[in-house]
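Enquirer: what would the 3D arrangement of this be:
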Amino acid sequence: ILFLRQAWTGQTFEWQGKQIRVTPRPVQQPSPPIWMGGASEVSARRAARLGDEFLPADPTLYTIYTDELKRLGKIHDKSARNELIVWLAEDPEKFWTEFGPSALHENNAYGKWYTDWKAWNGYETKADTSALAEAGLYPIMTPEGLVDYIESAGEDPIIMFHPMAGGFDPEPAWQSLQLFESRVLPLLKQKGIPYEGHTGV
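Expert: Numbering: from 1, shown residues only. Okay, the predicted model is just below:
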């Protein structure tokens, strides 16, 4: 996080004995907000100390996060919001035939880990890609479908991208992200819907 903060200034700085300068600077100034995730009380306090927002696996951790913000004297006036992790495709069914095995691998790996840890993070192992698709944990939308969702989701929804889930092929993963840039953002601007980008850690 310290590296990102320094890199986004556009100024030269030293990192691990090297002189580094990252350009161009982000559009958002002074920098994109950093959102941190986590599934423990420690992660909630760390996000309060180092990040700009917290996305907990367990919603009850958000109270610990806001309590820590208050203890640190930081102002925070928002409550936890609904979020959607989404993938974009012109043909969602075709995309799923390519992406489904990677999604299944990731889902079942996390499901096993959390079962072994006797914890829960929303992941439950599934027998195959069809069962995973029915669970709705890896939604694939068209650009227009995502805009419709944003319009109906209420105030300030959170849309997140996880393009290379489970080691997915970079090429279709990039195509998914590029659809947001080329199709979704213009529609949001056309409809007057505000958008603010964030960086997750």
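
Enquirer: Gln28 belongs to a helix?
Expert: No. Gln28: not assigned to a helix; according to DSSP: H, G, I helix; E, B strand; the rest coil it is coil.

Enquirer: ok, it to Met164 distance?
Expert: As judged by Cβ to Cβ, to the nearest Å, Gln28 and Met164 stand 23 Å apart. Where you see a C-beta, it was placed from the backbone N, CA and C, and this is true even at glycine.

Enquirer: ditto for Gly38
Expert: Taking Cβ to Cβ, one finds Gly38 at 21 Å from Met164.

Enquirer: follow-up on the earlier one: between Gln28 and Met164, which has more neighbouring residues?
Expert: The neighbour comparison of Gln28 against Met164 (other Cβ atoms under 10 Å) goes to Met164, with 16 against 13.

Enquirer: Glu41: neighbouring residues, count only.
Expert: 15.

Enquirer: with the one 4 residues further on instead?
Expert: By other Cβ under 10 Å, 20 other residues sit near Arg45.

Enquirer: and what of Tyr149?
Expert: Neighbourhood size, Tyr149 [other Cβ under 10 Å]: 15.

Enquirer: tell me which element it falls in.
Expert: Using DSSP states H and E, Tyr149 sits within helix 143-152.

Enquirer: helices and strands around that helix, which ones?
Expert: helix 185-190 (3 or more Cβ pairs under 8 Å, 6 or more residues apart in numbering; DSSP states H and E).

Enquirer: who are the packing partners of the helix it packs on?
Expert: Short answer (3+ Cβ pairs under 8 Å, 6+ apart): helix 185-190 packs on helix 143-152.

Enquirer: mean confidence score for the helix it packs on?
Expert: Averaged over helix 143-152, pLDDT sits at 94.

Enquirer: chain center to it: distance?
Expert: Remark: helix 143-152 is offset 17 Å from the chain centroid, using Cα atoms, centre = their mean, to the nearest Å.

Enquirer: just the mean pLDDT for whatever helix or strand comes next after it, thanks.
Expert: As assigned by DSSP H and E, the chain's next helix or strand after helix 143-152 is strand 158-160. Strand 158-160 comes out with an average pLDDT of 84.

Enquirer: and after strand 158-160, which helix or strand comes next?
Expert: Proceeding N to C from strand 158-160, the next assigned helix or strand is helix 170-179, under DSSP H and E.

Enquirer: looking at this structure, which helix or strand does the model trust least?
Expert: Ranking every helix and strand in the chain by mean pLDDT, DSSP states H and E puts strand 199-200 at the bottom, with a mean of 54.

Enquirer: ok, now how distant is Gly167 from Trp8?
Expert: If you go by Cβ to Cβ, the gap between Gly167 and Trp8 works out to 28 Å.
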